[in-house]
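J.: turn this into a model:
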Amino acid sequence: MKIMKIRYILILSFLFLMGTGSIHAQIETDVVDDTEVTAEEGDDEEEDAADEDSQDDGELVFPEAMGDYLDSLMTLYMTKTYLTPESDCQTAPEDPVLTKEQYIDRLYRMPTIIEMPWNEVVQTCIERYTQKSRRQVSYLLGACNFYMPFFEEALEAYQLPLELKYLPIVESALNPQATSHAGAAGLWQFMSSAAKTYNLEINSLVDERRNIVKSSWAAARYLRDLYRLFNDWNLAIAGYNCGPENINKAIHRAGGERDYWKICPFLPRETRGYVPAFIAANYVMTYYCDHNICPMQSQLPVKTDTVMLSRNVTFSQVASVMGLSIDMLRSLNPQYRRDIIPGATKPSALRLPVADAVRFIDLQDSIFVSTDGAFEKRLEVEIDQQLYAPKAKRSKGRRGRAAAKSGKSKSGGSKSVTVKRGDTLSSIAKRNGTTVANIKRLNGIKGNNIQAGKKLKVK
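T.: Have a look, this model is predicted:
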């Protein structure tokens, strides 16, 4: 029991340090640039923005993925290339009218662990999908054939409810290239700070927030941590959207209530619609047929495999030798930001359809020797040696010449100086790197009195 308490405290401390909205940029609050503000200042300003947002009683704010992201899904290469309308199924233009009781019954019968009740906000979100976005839902259903196996594998590994696989529909509309207004990226919409916390690499060439597999496993770990913190899936899902700090503040303001629906008035605006949108996504993915929505026929390369590369390779090298489309390579490998696989930095994976992965092994020598000049780094460069040669010492300036005239002279191994007004034996000795006793010995001086203008031997 003591070990479990310690573990719980560690999880709580970790999530608290991550701060409000550290994972996602879905919240309609002011975003603080952490390059301009210190960490403490940033947290304070973000919390203040969230506080003001939670007090706003405006209309329901839908997640970004229910708007622009849904439209952008239809412009993706994989969507345009691999998703086509079913020949024997036509999506009807209108959504059937259902009663409240029918919605309640259908939600109740869904095979889920997470509680998914009906209310007016949930129905509004359902109707957003089944009425306004019917065509986009068809594309979502087709894209699910490719993405869901990756999501399910990660969730199963952490023994999480499989209905969480529909969270990326609310987050990104299954668009791995989606980037929110505040910089959250990928299918699971990680912010860069949280991505690094969950070991997702981000640099000039790679952004693993867009890696289908790695981001799914990172999201599963984060959802697991949130559930351990709140012991309630609706609160954990809300925390995924706005950060655990905002959930804790809402619980406090609600007098200790730990029911998502009771703390809703104290949450940021978009989080009030986030859990309803998640419920609606589960509903429409389950009952799309009852709403006369036909899924797009998918010709996506459901079976893919990866080859590990230990050398730098560009997409154009692979495409030219293997006769593949660069857009296809980008779609299967969205984590590579510049179409460059930096295998020389560390072994890096290239995802390909299974048949092409086998062909890559056969053709890899040709691929490696081919070049397009896109990633040629010079290992050594010649320089003008004279430009960096040490400069010769300059001759003494006016001050040095004047000092020489005033009595600094070298004759063999001896040296004499002229006593100036205010000089003492001690100051002369210090200035010339000798001792008072040595000056007295060289000049036959018994006391400490010296005259200005007189020459003294110092060596």
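J.: let's see the longest helix seen in the chain as PDB, backbone CA atoms only.
T.: For the chain, the longest helix by residue count, based on DSSP state H, is helix 134-157. The C-alpha trace of helix 134-157 is given here as PDB (Å, rounded to 0.1, in the frame of the first residue of the first chain):
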ATOM      1  CA  ARG A 134     -21.900  13.600 -43.300                       C
ATOM      2  CA  ARG A 135     -19.400  13.500 -46.200                       C
ATOM      3  CA  GLN A 136     -16.400  14.000 -43.900                       C
ATOM      4  CA  VAL A 137     -17.600  11.200 -41.700                       C
ATOM      5  CA  SER A 138     -17.500   8.900 -44.700                       C
ATOM      6  CA  TYR A 139     -13.800   9.700 -45.200                       C
ATOM      7  CA  LEU A 140     -13.200   9.200 -41.500                       C
ATOM      8  CA  LEU A 141     -14.700   5.800 -41.600                       C
ATOM      9  CA  GLY A 142     -12.500   4.900 -44.600                       C
ATOM     10  CA  ALA A 143      -9.300   6.200 -42.900                       C
ATOM     11  CA  CYS A 144     -10.100   4.200 -39.700                       C
ATOM     12  CA  ASN A 145      -9.100   1.000 -41.600                       C
ATOM     13  CA  PHE A 146      -5.500   2.200 -41.700                       C
ATOM     14  CA  TYR A 147      -5.100   4.000 -38.300                       C
ATOM     15  CA  MET A 148      -7.200   2.000 -35.900                       C
ATOM     16  CA  PRO A 149      -4.900  -1.100 -35.700                       C
ATOM     17  CA  PHE A 150      -2.000   1.200 -34.500                       C
ATOM     18  CA  PHE A 151      -4.200   2.900 -31.900                       C
ATOM     19  CA  GLU A 152      -5.700  -0.400 -30.600                       C
ATOM     20  CA  GLU A 153      -2.300  -2.000 -30.200                       C
ATOM     21  CA  ALA A 154      -1.000   0.800 -28.000                       C
ATOM     22  CA  LEU A 155      -4.200   0.900 -25.900                       C
ATOM     23  CA  GLU A 156      -4.200  -2.900 -25.500                       C
ATOM     24  CA  ALA A 157      -0.600  -2.800 -24.300                       C
END
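J.: quick one: buried residues of it?
T.: 134, 136-148, 150-151, 154-155 (16 or more other Cβ atoms under 10 Å). For every residue, glycine as well, the C-beta is placed using N, CA and C.
J.: how many residues are close by Ala236?
T.: Using other Cβ atoms under 10 Å, Ala236 has 24 other residues around it.
J.: how about the nearest residue to it, chain neighbours excluded?
T.: Leu226 (3.8 Å; Cβ to Cβ, 6 or more residues apart in numbering).
J.: same deal with Leu309?
T.: That would be Gly343: by Cβ to Cβ, 6+ apart, it lies 3.6 Å from Leu309.
J.: for Lys455, same thing?
T.: Ser416 (4.9 Å).
J.: give me the element that neighbour is part of.
T.: In this structure, Ser416 is located in strand 414-418 according to DSSP states H and E.
J.: please export the alpha-carbon coordinates of that strand; PDB is fine.
T.: C-alpha atoms of strand 414-418 as PDB (Å, rounded to 0.1, in the frame of the first residue of the first chain):
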ATOM      1  CA  SER A 414      71.000  45.400 -16.200                       C
ATOM      2  CA  LYS A 415      68.000  47.800 -16.100                       C
ATOM      3  CA  SER A 416      67.600  51.300 -14.800                       C
ATOM      4  CA  VAL A 417      64.500  53.400 -14.200                       C
ATOM      5  CA  THR A 418      64.000  57.100 -13.500                       C
END
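J.: for it, packing partners?
T.: With contacts taken as 3 or more Cβ pairs under 8 Å, 6 or more residues apart in numbering; DSSP states H and E, strand 414-418 sits against strand 455-457.
J.: pairing partners for the strand it packs on, with directions?
T.: strand 414-418 (antiparallel) (DSSP bridges).
J.: continuing past the partner strand, what's the next helix or strand?
T.: Assigned by DSSP H and E, the successor of strand 414-418 is helix 425-431.
J.: how far off centre is that next one?
T.: 64 Å (Cα atoms, centre = their mean, to the nearest Å).
J.: same question for stretch 183-196.
T.: For stretch 183-196, the distance to the chain centre is 4 Å (Cα atoms, centre = their mean).
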